[in-house]
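Novice: pasted the sequence and its predicted model underneath.
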Amino acid sequence: MEVKRSICEFCNPRCRHLVYSEAGRLVKIEPDPSDPRAGQVWPPVKACPRFLGIKEFMYHPDRLRFPLKRMGDKGEGKWKQISWDQAFDEIAEKLVSLRDKYGPETLALHKGTYRTREWEYSRFMNLFGSPNYISPANVCHNPCINMGAALFGWPPLHRTFLRFEKDQNGQILTRCVMIIGMNPANSRPHIWHSIREAKKAGTKLIVIDPRKTETAEQADIWLQLRPGTDTALLMSMINVIIEEELYDKDFVNKWCHGFSALKERAREYSPEKVAEVTWISADKIKEAARLYAVNRPCITINSMGLEQQSNGVYGIHAKFILSMLTGSIDVPGGEYIPGPAKCRIEGEMECADRLSAEQKAKQIGTDRFRLIGWPGRDMILSFSMKKWGKPVSVCGVFAAAHGPSVYRAILTGEPYPVRAMIGMASNPLVTQANTKLVYKALKALDLYVVLEYWLTPSAELADYVLPVASWLERPFLSAGMGTLDTIIGGEKGLPSTLEGEYDRKTDYEIFRGIGIRTGNPEDWPWEDLEQVYDYMLEPLGLTFKEFMEQGGYYSPERQYRKYEQMGGFATPTGKAEMYSTILERLGYDPLPQYEEPHESPVSQPELAKEYPLILSTGGRVKVYFHSEHRQIESIRKRYPHPIVQIHPDTAAQLKIEEGDWVWIESPRGRIRMKAQLFDGMHPNMVQCDHGWWFPELPGEEPWLHGVWESNVNVLTDDDPDVCDRLGGGWPLRWALCKVYKAKVY
């Protein structure tokens, strides 16, 4: 029996497992006790439903096995199995033809949350000549990464792992943790394990969330705010800390830029005024601010509850200012700033220098949302690398195009024709806001190629569907998309090809296969990922095999207060910037400011008469990961139906009972879900699951695996006018809706 140590990519923490196989077939899988992280940051993972369902996933009859070519109309469900060479030849021929006709920018690429490292697809796109790759980064991680890089030169991040530093007596040094828009008790069990241990040692916990989640129930203070008003709340906490002089004067005076201007701005956010905006009492705002400021150093963690708002970037800016005010930046127990990894990671692999300035300027949407675009990225990069002196991609912040703007370009031809798209690790008909518009765009493409495990609703509209290797069938190497100094690795656990059964390839092999046919073969010198990883690890003097033999993990000893050693922060002022000179240079307000959501009872009172409830979406369903795993029977049994949470008082008024099927309708459409009565949120709010489609329903038109039935993105909006003005993020955490009882489903 063969045993390999593989990294699972079914969710965030990247747990390492022992994969047992015979003759290339999976026998069993169990947690890897040799993983150095196992005893530090997480409990055993044997209860993970994805872990328990791995054999069902690996050998599911619906898993894609060989390349497919569409034979009928888009969405007709007629496919023909073809060889990899035929797929690569035909796709490359069509791409070259479209490039010759419209220019390389005619190709776009959409990518989801996981399954591949960023550099693979960005390398392909840069070599092809197109700047138009898009991802959920605008509403997941990048707002935090971009602002951290702009304000400090490198972002502090705690979203996947949270390791509390201890003093020589074993006492946890972090005295307060504040969590914004995140429920780690449900979505990040590894982080939650660490927080629970810290709470036992006396660390305080503040939770900002409209719902009383499992995490909020354990908080010392739960701030139940109106959805979309986080920035106002955080600015009010800043106001209290400054007015009551609770801030770290030594750190602020010596190492922070813009305190005087911040003080003036914060005066606009008195607790009494902000109480009217947020639905949180002034006394409770003051109490939270004092608890946070007195118990330092602090760690403040935000997740998508904050990032998926049209005012999210300024909320993240305010979050980082709170860390500055408490002197919690790059100190033991505070916000650790790691710096670049000691290997060739991300930016050194992507061939960004091959993309000309002329092509960079064509990147769709980034002239408007400048923090995510080339001007913002290059500006942050120049200052960050000035200090770090290593030509890596700035913290994994790839200059992605603006997704909603790209889908509109497909339909309008403006600013130029976008006629081809590659999709990978994503299912935009389910996961992208404004499903109806995305559907029209995918149908309108001249060429649509999807790399997938399954025939998803999006893949059903493709011209070619290419079966991709899962984490069990490929090796792994990562340094947190370039944001971390820690490197983790995992071996290939199973073959990606079994004669006569299936023939799958890694994302890298697929892009290489197309890339050598559309460009210069010398740009793809590595035949497989293990050869790539050998090259990446050269600075450590190790091959990938040797790295795994040594444990598959590299984490240097933490060095704190690096700004003292380096003579400052890697920013234009050399200081941690409360007043952001990067934002100022990009033409934005350099200080945080609150903006009322575009679609709320306050901003649109007339619309609220027809749609009186505030709609929030998302909130991780523990057994799934976004839109994945609904065809795995053991997982589906645990959570068989889409759920909308409704306050019991609201439900009573609408004559809705627990378990009723109900319609949820917004100005953009309607869907139906099962009602769950929940008193842990305001009566004027409802909460909908996201990621729902029904693999068991027919894949051809008009069903498309039930994509219109319970997909909450039928209700959401992605109009560029309602997106975050800085980072382009689309609002998934607020909208207006109404709810009414449906017929028996």
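Specialist: Received the coordinates, thanks. What you see is a predicted model; the values in this text were computed from it and never measured.
Novice: center of this protein - which residue?
Specialist: Central residue check for the chain by C-alpha atoms, centre = their mean: the C-alpha nearest the mean position is that of residue 140, 3.0 Å away.
Novice: count of neighbours near the residue nearest to that one when sequence neighbours are not counted?
Specialist: Distances taken as C-beta to C-beta, 6 or more residues apart in numbering place residue 304 nearest to residue 140, at 5.7 Å, with adjacent residues excluded. The C-beta positions use only the backbone N, C-alpha and C, and glycine is treated the same way. Look at residue 304: counted by other C-beta atoms under 10 Å, it has 24 neighbours.
Novice: same question for residue 83.
Specialist: Residues lying near residue 83 (other C-beta under 10 Å) number 11.
Novice: was I right about it contacting residue 69?
Specialist: No: the criterion here is C-beta atoms under 8 Å, and residue 83 misses it with residue 69 at 10.2 Å.
Novice: thought residue 686 was touching residue 654, still the case?
Specialist: No: if you go by C-beta under 8 Å, residue 654 and residue 686 don't touch, sitting 10.5 Å apart.
Novice: between the two, who's got more neighbours?
Specialist: Applying other C-beta under 10 Å to residue 654 and residue 686 shows that residue 686 carries more neighbours, namely 26 against 17.
Novice: now the more buried one: phi and psi?
Specialist: Note on residue 686: backbone dihedrals following degrees, to the nearest 10 are phi -130, psi 150.
Novice: now residue 577
Specialist: According to degrees, to the nearest 10, residue 577 has phi -100, psi 100.
Novice: residue contacts, it?
Specialist: When contacts are counted by C-beta atoms under 8 Å, 6 or more residues apart in numbering, residue 577 is found next to 150, 151, 152, 256, 257, 258, 569, 571.
Novice: quick check on the residue nearest to residue 140: phi, psi?
Specialist: phi -70, psi -20.
Novice: and residue 469, how many neighbours does it have?
Specialist: 25.
Novice: what is the burial count for the closest residue to it other than its chain neighbours?
Specialist: With C-beta to C-beta, 6+ apart as the criterion, residue 469 has its nearest non-adjacent residue at 4.2 Å, and that residue is residue 496. By other C-beta under 10 Å, the residues close to residue 496 number 20.
Novice: what's the pLDDT at residue 496?
Specialist: What the model reports as pLDDT for residue 496 is 95.
Novice: please verify my assumption that it contacts residue 467.
Specialist: No: when contacts are counted by C-beta under 8 Å, residue 496 is not listed as touching residue 467 (9.0 Å).
Novice: so what's in contact with these two at the same time?
Specialist: Listed contacts common to residue 496 and residue 467 are 502, 503, 504, 505; contacts here mean C-beta under 8 Å, 6+ apart.
Novice: just the ones of those residues in strands?
Specialist: 502, 503 (DSSP state E).
Novice: residue ranges of the strands in the stretch 501-650 of the chain, please?
Specialist: Remark: strands assigned in the stretch 501-650 of the chain by DSSP state E, counting those that start in this stretch are 502-503, 553-554, 576-577, 613-617, 643-646.
Novice: those: which one's closest to residue 539?
Specialist: strand 553-554 (10.9 Å; C-beta to C-beta).
Novice: for whichever helix in the chain runs longest, packing partners?
Specialist: Longest helix in the chain, counting residues (DSSP state H): helix 84-102. Applying 3 or more C-beta pairs under 8 Å, 6 or more residues apart in numbering; DSSP states H and E, one finds that helix 84-102 makes contact with strand 68-70, strand 107-111, strand 420-424, strand 447-452, strand 464-467, helix 507-518.
Novice: follow-up on the earlier one: looking at the strands of the stretch 501-650 of the chain, which is nearest to residue 430?
Specialist: Nearest to residue 430 among the strands of the stretch 501-650 of the chain is strand 613-617 (12.1 Å), distances taken as C-beta to C-beta.
Novice: how far out from the middle of the chain is the closest one?
Specialist: Computed by C-alpha atoms, centre = their mean, to the nearest Å, the chain-centroid distance of strand 613-617 equals 21 Å.
Novice: equivalent analysis for stretch 586-605, please.
Specialist: On C-alpha atoms, centre = their mean, the centre of stretch 586-605 falls 23 Å from that of its chain.
Novice: what's the end-to-end length of it?
Specialist: The first and last residues of stretch 586-605 sit 33 Å apart, counting by C-alpha to C-alpha, to the nearest Å.
Novice: likewise stretch 671-691?
Specialist: Across stretch 671-691, the terminal residues are separated by 13 Å (C-alpha to C-alpha).
Novice: gap between residue 64 and residue 199?
Specialist: 45 Å (C-beta to C-beta, to the nearest Å).
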